[in-house]
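>>> no sequence for this one, just the structure:
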């Protein structure tokens, strides 16, 4: 290999090395710019230490209709209400000064169809209604620890109820159209089962054992 050939090879090697270094520098510079831009965008999207305070907020749509209200009212109620384009209240979240809180969902006619509530004595309940506003199903956990699942007919009369008492006794109650209990099946705390049936006058007609 001649001297010229050696110099040319060294020069090519240096150029390749310089090219690789420049490429790394460019990538590093691009990376820095990307992170800088991301930081800038994050700063713009998430302003720090900004607080907006007000008693009530009202949101209106393009036509000027109220679609949402969030606020605290003079009577002590805290309310979040969401309405549809027709002005019907569809979702309501309420916290009352007596300790009661509730979440309700309404249909397109503005009628409550589902209500979840916690009472002041710490009981909690879920109520489901039909289009006629009759309660068709209810789930309740009382403050004493008992729980119940009730099913109602189209007239709002409880026809079936599954219960669990605080002492651990489960029970199933079936009622007639007037709401009178006609059949009771439960398991006592000692593990023994019982089945009892009565007539319309609440007189026993069958008991086992």
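That came in fine, so what should we check first? Remember, predicted model here, so these are calculated numbers, not experimental data.
>>> tally of neighbours for the residue lying closest to residue 165 once chain neighbours are set aside?
Of all residues not flanking residue 165 in the chain, residue 146 sits nearest, at 5.3 Å (C-beta to C-beta, 6 or more residues apart in numbering). For glycine as for every other residue, the C-beta is placed from the backbone atoms N, C-alpha and C. Burial of residue 146 is recorded as 15 neighbouring residues (other C-beta atoms under 10 Å).
>>> Give me the secondary structure label for the residue sitting nearest the centre point of the chain.
For the chain, the residue whose C-alpha lies nearest the mean C-alpha position (C-alpha atoms, centre = their mean) is residue 103; its distance is 9.1 Å. Secondary structure, DSSP: H, G, I helix; E, B strand; the rest coil: residue 103 is strand.
>>> so the nearest residue to it once chain neighbours are set aside is in which element?
The shortest distance from residue 103 to any residue other than its chain neighbours is 4.7 Å, reached at residue 116 (C-beta to C-beta, 6+ apart). Secondary structure assigned from DSSP states H and E places residue 116 in strand 112-118.
>>> avg pLDDT for that strand?
Strand 112-118 shows an average pLDDT of 94 in the prediction.
>>> Now tell me what touches it from outside.
If you take C-beta atoms under 8 Å, 6 or more residues apart in numbering as the criterion, strand 112-118 is touched by 100-107, 124-131, 133.
>>> ok, now with 7 Å
Residues lying outside strand 112-118 but in contact with it, judged by C-beta atoms under 7 Å, 6 or more residues apart in numbering, are 100-107, 124-129.
>>> So the residue nearest to residue 165 versus residue 111, what's the distance?
Here the criterion is C-beta to C-beta, to the nearest Å. By it, residue 146 lies 30 Å from residue 111.
>>> next one: residue 149
Residue 149 is 23 Å from residue 111, where distance means C-beta to C-beta.
>>> what does residue 73 give?
The span separating residue 73 from residue 111 equals 23 Å under the rule C-beta to C-beta.
>>> try residue 86
Applying C-beta to C-beta, one obtains 13 Å for the distance of residue 86 from residue 111.
>>> Which one's more surrounded, those two?
Taking other C-beta under 10 Å, residue 86 and residue 111 do not tie; residue 111 has more neighbours (14 against 10).
>>> Which helix or strand contains residue 171?
For residue 171, the secondary-structure element it belongs to, assigned by DSSP H and E, is strand 170-175.
>>> sorry, back to before: need the buried ones from the contacts of strand 112-118 selected in PyMOL.
Of the contacts of strand 112-118, the buried ones can be selected in PyMOL as follows, counting by 16 or more other C-beta atoms under 10 Å:
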select buried, resi 101+102+104+106+125+127+128+129
